[in-house]
Each structure stands twice: as C-alpha cells, then as structure tokens.
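Engineer: Next one to model:
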Amino acid sequence: MIEQDTIKLLRECDAGIAMGISAITDVYDKASDEKLKKALLECKIQHEELKAELEAVLERFGDDGKEPNPIAKGMSFIKTNLKMAMDMDEPDDTIADLITDGCNMGVKSLSKYLNEYKAADEAAKDIAKKLIKMEEKLGIDMRDFL
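Structural biologist: So this is what the prediction gives:
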C-alpha cells in the first residue's frame, strides 16, 4: 500500500509540475513587466529543479511518471490563447489572472491527492508539499499584477 500510494502521489506531482511549466512557458514571452517575467522565470526554474528531484525518486520505483491529462492541457492552452487574444491591451493582468487560476487549481488538486494517498512515504509527501508551497507563493506573487 505504501509503495502504491507513493507512486500515485508522485505521478500526480509529475503531471502538476508539467502543467505548471507548460503554463509559464505559454505566457512568459507575452509578459512585458520585468518583475512579472522574473517571478515567472524563478518559479519555472524551481519547478524544473523539483521535477529532477521527483524523477530521481520515481526512478527508484522503476516508474516513468505521468503526463498531464491531454484534455486538461489542451483546454488550458485554448483558454490561455483566447484570453490573451481578447486582452491584448493588458497582457500582464491577463497573465497574472491565468497563472493565479492555475496555481489555485494546482493547490486544490495536490492537496486532494496528498489527502487521498495518505500511505505515501514521507519523501513523496515532502515533494507534494514543496510543490503546493511553490504554487501558493506564485499565486501570491501574481497579486501585484492583477
């Protein structure tokens, strides 16, 4: 049970990290404010570092991780591009709004999985908690641009 919950939690974290990196990548070049770009870049780097840590743990279990749900990823891409096209006058506001929504969804989902996979080992729980904290911090950082 411990190993199954650990792998399941790590897979969800893997998918969440990939969604976060993808979301930041989708909007980064459209940002104009240097402070916004810096906050996005720092968070993307942190996500990439955590992904490397997560992959090392998954490798110990002989698991490749999990890609984000293609439908969720596609819907996110469409929403991002539609909102950016509609709000061309205020791209930084729109970016902050989109990223905040993504962070809130990530925190909600990851918290759910953390509660669902209670038997996961502490290393997996720590990764999930780190990711939740990153998402919470980025959501707070985005408030200055809303």
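
Engineer: Buried residues, stretch 26-33. List them.
Structural biologist: 26, 27, 31 (16 or more other C-beta atoms under 10 Å). For every residue, glycine as well, the C-beta is placed using N, CA and C.

Engineer: can you check stretch 29-46 too?
Structural biologist: Of the residues in stretch 29-46, those buried (16+ other C-beta under 10 Å) are 31, 36, 37, 39, 40, 43, 44, 46.

Engineer: could the buried residues of stretch 26-33 go into JSON lines alongside pLDDT?
Structural biologist: Formatted as JSON lines, the buried residues of stretch 26-33 follow (pLDDT from 0 to 100):
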{"residue": "26", "pLDDT": "92"}
{"residue": "27", "pLDDT": "95"}
{"residue": "31", "pLDDT": "95"}
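
Engineer: Out of the residues you listed, the closest to residue 87 would be?
Structural biologist: Distance to residue 87, by C-beta to C-beta, is smallest for residue 27 among these, at 11.7 Å.

Engineer: Enumerate every residue touching the spatially closest residue to residue 139 that is not a sequence neighbour.
Structural biologist: Nearest non-adjacent residue to residue 139, counting by C-beta to C-beta, 6 or more residues apart in numbering: residue 103, 3.6 Å away. When contacts are counted by C-beta atoms under 8 Å, 6 or more residues apart in numbering, residue 103 touches 135, 136, 138, 139, 142.

Engineer: Let me know the distance separating the fourth one from residue 107.
Structural biologist: Relative to residue 107, residue 139 is positioned 7 Å away (C-beta to C-beta, to the nearest Å).

Engineer: Likewise for the first one?
Structural biologist: Separation of residue 135 from residue 107 (C-beta to C-beta) stands at 5 Å.

Engineer: If anything else comes up later, I'll come back, but that's it for now.
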